[in-house]
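K.L.:
Give me a model of this one.
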Amino acid sequence: MMEYNLYETFREHISTLKECSKDHSDPDCIKFMTESQLEAINFDTVKTKYANDLVLSEECAASVDALLETDENIAFVEFKNGKVNNRNIKDKIRDSLLLFCDLTKQTISDTRKNLDFIVVYNEEKNPLPNQFKKQAVSDAPSRIAIGKYFLGKGNEELIRFDLERYKHLYFREVHTYTKAEFDKYIEEKFAGGTAS
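P.N.:
Sure thing, here's the model as predicted:
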């Protein structure tokens, strides 16, 4: 397991999950994707420092919102309050992995063993399993609910946004959670979501 305090760049960018989940798209109406006060690394600010130290604009790379440490592993967390753009998520995966591996001197073989990837999305703005499909009978909300139910019975979960391909390629696990599912994940992993 990686410990944040071993990496100065990470120590300088500790925040809360709530703060990392802030939706900056409308300055007049700030929204958060979680209320969790768990400590996490604000990976957006890590990316900004990394790029600026190279005398580059932070716009030259994309990044996930947070890096979260659990008892057994670590996780990249990306919060999407708006419509999920698959290309944008994939860019964030690529750039964040490259940056993370450079800062920690880990390899993709290491991330496959100890790094998870989580997308927390707004269910109302992302009703389809595949954002590029037209509404079809197989995409009906009732079928998605039934699919989730049966996957859960088999200890499997529905991975949305075409991200399942990254499980065991770059990450140990990949999860796509609604806000409520993420809150449940935090509750189960951290007994209330307030510990660090």
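K.L.:
Can you list the low-confidence ranges for this structure?
P.N.:
1-6, 128-155, 192-196 (pLDDT under 70).
K.L.:
quick one: what helix or strand has the most centrally placed residue in the chain in it?
P.N.:
The chain has residue 77 as the residue nearest its centroid, 2.2 Å off, counting by Cα atoms, centre = their mean. Element membership of residue 77 [criterion: DSSP states H and E] is strand 74-80.
K.L.:
So what touches the helix or strand that that strand is followed by?
P.N.:
Scanning forward in sequence from strand 74-80 by DSSP H and E, the next helix or strand is helix 86-104. For helix 86-104, contacts defined as Cβ atoms under 8 Å, 6 or more residues apart in numbering pick out 2, 7, 9-10, 43, 46-47, 50, 61-64, 67, 76, 78, 80, 106-108, 110-111, 115, 117, 119, 131-132, 161-163, 166, 170. Quick note: C-beta positions are derived from backbone N, CA and C, even for glycine.
K.L.:
Helix 86-104: which residues count as buried?
P.N.:
89-90, 92-93, 95-97, 99-100, 104 (16 or more other Cβ atoms under 10 Å).
K.L.:
and what of stretch 11-18?
P.N.:
In stretch 11-18, counting by 16+ other Cβ under 10 Å, buried: 13, 15-18.
K.L.:
List just the nearest of those residues to residue 157.
P.N.:
residue 17 (20.2 Å; Cβ to Cβ).
K.L.:
what's the burial count for the residue lying closest to the closest one once chain neighbours are set aside?
P.N.:
Among residues not flanking residue 17 along the chain, residue 36 sits closest, at 4.1 Å (Cβ to Cβ, 6 or more residues apart in numbering). Counted with other Cβ atoms under 10 Å, the neighbours of residue 36 add up to 23.
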